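*Asks:* here is my input, please return the structure:
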Amino acid sequence: MSQSRQLAAIMFTDIVGYTALMGSDEQKAMQLLEQNRNLHKPLIEQYRGKYLKDIGDAVLASFSSAGDAVSCALAIQKALSGDPELTLRIGIHLGDITFKDHDVFGDGVNIASRIQSIADPGGIYISESMHKAIRGRSDIQTQYLGETQLKNVDYPVKTYALQGADLPIPEVKEDKELSGRLWTEIQRRGVLQAVGHLCSAITTANTVITVCKFFG
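*Replies:* Below is the predicted model:
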């Protein structure tokens, strides 16, 4: 029973809408599953990765190099850019994992899976550790998406979306963050309190005017 622990880039891919397709057209779903495997295996091998296993319509792979993992993910999405029937979400995380009996375990696997689940259809999301590992490559562009609380992960994870001609542009959340900061700043400066006093004064003045009119 062999077991080893090592740092690796874990790539998790998943077919968008596969569960619904399986319910409506099982034969078509099985065809897409086979097409997906046939696409992944040679590309993972080409970029020096290990095709670990299928988990339903998901594929789990590991790479000793973060750069190879990203290059493989980009090659997969590029190959599918003209295929409207097979769309993938991809998540990649760099972390310590345990290899045991041709399988892989650890928090790094869970994080890669959860990052994949929030990716845009046709997109590639990566963790902060992956971003640090590839930031020296000028040929890879990323967009910071902020901290995300992933399911079954007890700390927020900074995520990034890879950018490129064949990849979707994530929804920008800066406006929402800006309005939140603006509200905090208004509260800090006491503007809300001043507005409250003004409203109270106006209410009092209206009451006095009403009473004067009544007795006048």
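*Asks:* strands of this protein, residue ranges please.
*Replies:* Listed in chain order, the strands of the chain (DSSP state E) span 3-15, 49-55, 58-63, 88-100, 103-105, 124-127, 141-148, 157-163.
*Asks:* deepest of those strands, which one?
*Replies:* With neighbours defined as mean count of other Cβ atoms under 10 Å, the strands of the chain peak in mean count at strand 124-127, which reaches a mean of 29. Placement of C-beta: from N, CA and C, glycine included.
*Asks:* what helices or strands is that strand leaning on?
*Replies:* helix 66-79, strand 88-100, helix 107-118, strand 157-163 (3 or more Cβ pairs under 8 Å, 6 or more residues apart in numbering; DSSP states H and E).
*Asks:* now tabulate the ones you listed in a markdown table and tack on mean pLDDT and distance to L150.
*Replies:* Output for those, formatted as a markdown table (pLDDT from 0 to 100; distance: least, Cβ to Cβ, whole Å):
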| stretch | mean pLDDT | distance to L150 |
| --- | --- | --- |
| helix 66-79 | 96 | 18 |
| strand 88-100 | 93 | 10 |
| helix 107-118 | 90 | 4 |
| strand 157-163 | 93 | 5 |
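*Asks:* G56: which of the ones you listed is closest?
*Replies:* The closest of these to G56 is helix 107-118. By Cβ to Cβ, the value is 11.6 Å.
*Asks:* buried residues of the closest one, list them for me.
*Replies:* Across helix 107-118, burial judged by 16 or more other Cβ atoms under 10 Å covers 108-116, 118.
*Asks:* dump the strands of the chain to TSV, plus distance to K78.
*Replies:* Below are the strands of the chain laid out as TSV (distance: least, Cβ to Cβ, whole Å):
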stretch	distance to K78
strand 3-15	14
strand 49-55	16
strand 58-63	17
strand 88-100	11
strand 103-105	26
strand 124-127	11
strand 141-148	14
strand 157-163	11
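*Asks:* is F12 bridged to anything, and to what?
*Replies:* Per DSSP bridges, residues listed as beta-bridge partners of F12: L60, G91.
*Asks:* H40 against A58, yeah?
*Replies:* No - applying Cβ atoms under 8 Å as the test, H40 and A58 come out as separate, 10.5 Å apart.
*Asks:* any shared contact partners between the two?
*Replies:* Common contacts of H40 and A58, defined by Cβ atoms under 8 Å, 6 or more residues apart in numbering, comprise T13.
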